[in-house]
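Q: Fold the following.
(chains A and B)
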Protein chains: 2
Amino acid sequence: MQSLNRQPWPEAIQDDLQEVEQLLEKVTSVEYLPMAYLLQHTLLGKGKRLRPALVLLAAKFHSYRPEVLVPTAAAIELLHTATLVHDDLIDNAGSRRGSPTLNTMTSVRATVLVGDYLFAQSAILAVSSENIPAMKSFSRALVTICDGELREVLTAGQLNNAREEYYRRIDSKTAALFSAATEVGGILSDAPEHICRALAEYGHGLGMAFQIVDDVLDFVGDERQMGKPVGNDLRQGTLTLPAIYLMELYPDDSSVADLFAVDTDREEKVRQVVEMVTNSPAVERSYAEAREFVGRAQAALQVLPDNEYRQALMETAEYVVGRRQ
Amino acid sequence: MQSLNRQPWPEAIQDDLQEVEQLLEKVTSVEYLPMAYLLQHTLLGKGKRLRPALVLLAAKFHSYRPEVLVPTAAAIELLHTATLVHDDLIDNAGSRRGSPTLNTMTSVRATVLVGDYLFAQSAILAVSSENIPAMKSFSRALVTICDGELREVLTAGQLNNAREEYYRRIDSKTAALFSAATEVGGILSDAPEHICRALAEYGHGLGMAFQIVDDVLDFVGDERQMGKPVGNDLRQGTLTLPAIYLMELYPDDSSVADLFAVDTDREEKVRQVVEMVTNSPAVERSYAEAREFVGRAQAALQVLPDNEYRQALMETAEYVVGRRQ
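A: Numbers count the residues shown, from 1 in each chain, chains lettered A, B, ... in the order given. From the prediction side, this is the model:
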């Protein structure tokens, strides 16, 4: 995932984002220094805290209470990070955002435990909101994420219903937590139900677009900026939208199917499919798809008053789909 | 851990335990059959549901509401099972209660994910109680368990402050969840605060005794009944109470220290220490220690009315410390 270098958050949530950061730092302050180091490496100085910012922005339309919003925003970031830690272990990923992943720095056991520890800390902060509907939204998102991960592992390399499977997967993997972030912002600010639903819908569309763009960047991104080699998803046996478009555009070409069917010359086949995708309309079609999700996300915001916070949410959506490297 | 073959639960909680079982079955009913199989193997037909039974029994003294107690009891069992799944992976354990562990049946990735899935399902059921203090007790226990696991991994093989470290570890690893189980039973039945505290204290003592006996059985248990070879903890580099007593009884003997210091002839050294423990007063001293914790657990129950439920809790404590194989 890209860090959002060009999406500065509005002044009005900067202080609270700083407090989220302090809560995350507190989570890394454990007695054992080797453990503290692993936690700091995993949790601090990463990205622009997109999900916490979404919680805070979504709460700005009604009763904004930082004392419950800040811990919940931190809880969502912790949950997100916990799933990344276990994901990277599962995918045997070597780097993320240009830094080595935890699984390359320590043992399987410590990696599993750091993930579990982050889940646990996330639970503590989520419960501290003392808001049952928010906790329900939170735990539903967790179940959906786990379902999606399992689905990804168990269906890896399957080519039937590719597009349907793909949407289901990114819905679970990414959109569910974005949607929970914005919904929980609504819930914790006592927004009326139809507003919470609209915020959830916005988060969902944003998440879908975000993941599609991430998947496109896996083909066309700048390796140095992404901190990982292109074609990584194909290498892991994960079929994403650009390759699905390629198969639909050239139904007689078997490059993608071969990659998933035969294990020999894998690296060469990955290189070949990456090149075909890059030189085909698959990239632009995928961006168009992402733009459609962003359009739906922005449309959902129409029920909100037109103020600086709605503007920030609109721009976040534009930014997400505008990432080209 | 032993199944509690000789601890039949009172008639008054049998139906609700059956409903807990049905909730657990529902958690295993997932779309993908290979996944369903792994979940069934992990979750069903195991043990006597000690922790769920403790939740239910602890709630019998005040307002007993099965509609919140049953999901919470299932949530505690799910949390327990999730930690076992990750533990076995971390310890590279081959079998548990005579069945192969999940990590020997499937990949690291699927094992991590099954654990995460169980955590997630546990969260859903815990939140469904809609009781904030119960959820706080629950998430505190989760944090304590994770802390303990990390401590175990990071201090493996260290011999200083052995006894203190040991008590801290089993407190986190086992007593915290027992204590949460009985405390949550109290909370969900609207028991007054001093009763909830007494129930938590009972659960804590019971858990400490349970783990000490488990650790003794790792030296003297029947391999077939335990479903794992004796000396397993030593083999993993985990120092437990019987070996600590051995070191205290024979301060000039370096068998235990050697085992942790030098990597050669490990299996032979394990065999030797197991034999020394078995033929020394270390076993009886450990049992005496467990009995002391059980005594404290039972004493905590004195604030409760003397009825069949208190009797069942008293007997559970006797049973836990009476296990000799």
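Q: Which stretches in the stretch 51-200 of chain A count as strands?
A: Ranges of strands within the stretch 51-200 of chain A are A:95-96, A:99-100, based on DSSP state E, counting those that start in this stretch.
Q: partners of the last one in the sheet?
A: In its sheet, strand A:99-100 lies beside strand A:95-96 (antiparallel), with partners assigned from DSSP bridges.
Q: Can you tell me which of the strands of the stretch 51-200 of chain A is packed in deepest?
A: strand A:95-96 (a mean of 17; mean count of other C-beta atoms under 10 Å in any protein chain shown). The C-beta positions use only the backbone N, C-alpha and C, and glycine is treated the same way.
Q: Let me see the mean pLDDT of that strand.
A: Mean pLDDT, strand A:95-96: 74.
Q: A:Leu89 touches A:Val108, doesn't it?
A: Yes - with contact defined as C-beta atoms under 8 Å, A:Leu89 counts as touching A:Val108 (6.7 Å).
Q: These two: who's more crowded?
A: Neighbour totals were compared for A:Leu89 and A:Val108, and A:Leu89 leads with 21 against 16 (other C-beta atoms under 10 Å in any protein chain shown).
Q: Just the pLDDT for the more buried one.
A: 86.
Q: ok so, going back, quick check: neighbours shared by A:Leu89 and A:Val108?
A: B:Val108 (C-beta atoms under 8 Å, 6 or more residues apart in numbering or on different chains).
Q: Which other helices and strands does the lengthiest helix in chain A contact?
A: Criterion DSSP state H: the longest helix present in chain A is helix A:193-220. Here helix A:193-220 touches helix A:50-58, helix A:162-170, helix A:176-188, helix A:232-235, helix A:241-249, helix A:266-278, helix A:282-300, helix A:308-322, going by 3 or more C-beta pairs under 8 Å, 6 or more residues apart in numbering or on different chains; DSSP states H and E.
Q: Next, the angle from that helix to helix A:308-322.
A: 30 degrees (axes from the mean of the first three to the mean of the last three C-alpha atoms, to 10 degrees).
Q: what mean pLDDT would you report for helix A:193-220?
A: Across helix A:193-220, pLDDT averages out at 97.
Q: do the same with stretch A:268-279
A: The average of the pLDDT scores along stretch A:268-279 is 93.
Q: and A:His194, what is it in contact with?
A: Contacts for A:His194 (C-beta under 8 Å, 6+ apart) come out as A:Val303.
Q: A:Glu318 now?
A: A:Val294.
Q: so how many other residues sit close to the residue nearest to A:Ala110 when sequence neighbours are not counted?
A: Of all residues not flanking A:Ala110 in the chain, B:Val153 sits nearest, at 6.0 Å (C-beta to C-beta, 6 or more residues apart in numbering or on different chains). If you count neighbours by other C-beta under 10 Å, B:Val153 ends up with 20.
Q: cool, and A:Arg310?
A: Applying other C-beta under 10 Å, we find 19 residues neighbouring A:Arg310.
Q: Which residue, neighbours along the chain excluded, lies closest to it?
A: A:Leu304 (4.9 Å).
Q: Report pLDDT for the one you found.
A: pLDDT, A:Leu304: 97.
Q: quick one on the thing from earlier: would you turn the helices and strands packed on helix A:193-220 into a markdown table with distance to B:Ala123?
A: Listed next are the helices and strands packed on helix A:193-220 as a markdown table, based on distance: least, C-beta to C-beta, whole Å:
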| stretch | distance to B:Ala123 |
| --- | --- |
| helix A:50-58 | 18 |
| helix A:162-170 | 21 |
| helix A:176-188 | 13 |
| helix A:232-235 | 29 |
| helix A:241-249 | 31 |
| helix A:266-278 | 37 |
| helix A:282-300 | 27 |
| helix A:308-322 | 28 |
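Q: Mean pLDDT lowest where, among those helices?
A: Of all the helices and strands packed on helix A:193-220, the minimum mean pLDDT falls on helix A:232-235 (a mean of 87).
Q: what's that helix packed up against?
A: Judged by 3+ C-beta pairs under 8 Å, 6+ apart, the packing partners of helix A:232-235 are helix A:193-220, helix A:266-278.
Q: Please repeat the previous calculation with a cut-off of 10 Å.
A: Helix A:232-235 is packed against helix A:66-91, helix A:193-220, helix A:241-249, helix A:255-261, helix A:266-278, with contacts defined by 3 or more C-beta pairs under 10 Å, 6 or more residues apart in numbering or on different chains; DSSP states H and E.
Q: Roughly how far does A:Leu23 sit from A:Tyr64?
A: The gap separating A:Leu23 from A:Tyr64 is 17 Å, by C-beta to C-beta, to the nearest Å.
Q: meant to ask about A:Thr182, not that
A: Distance, A:Thr182 to A:Tyr64, using C-beta to C-beta: 14 Å.
Q: The two: who's more crowded?
A: A:Thr182 (30 against 18).
Q: so the more buried one sits right up against A:Ala297, yeah?
A: Yes - with contact defined as C-beta atoms under 10 Å, A:Thr182 reaches A:Ala297; the gap is 9.4 Å.
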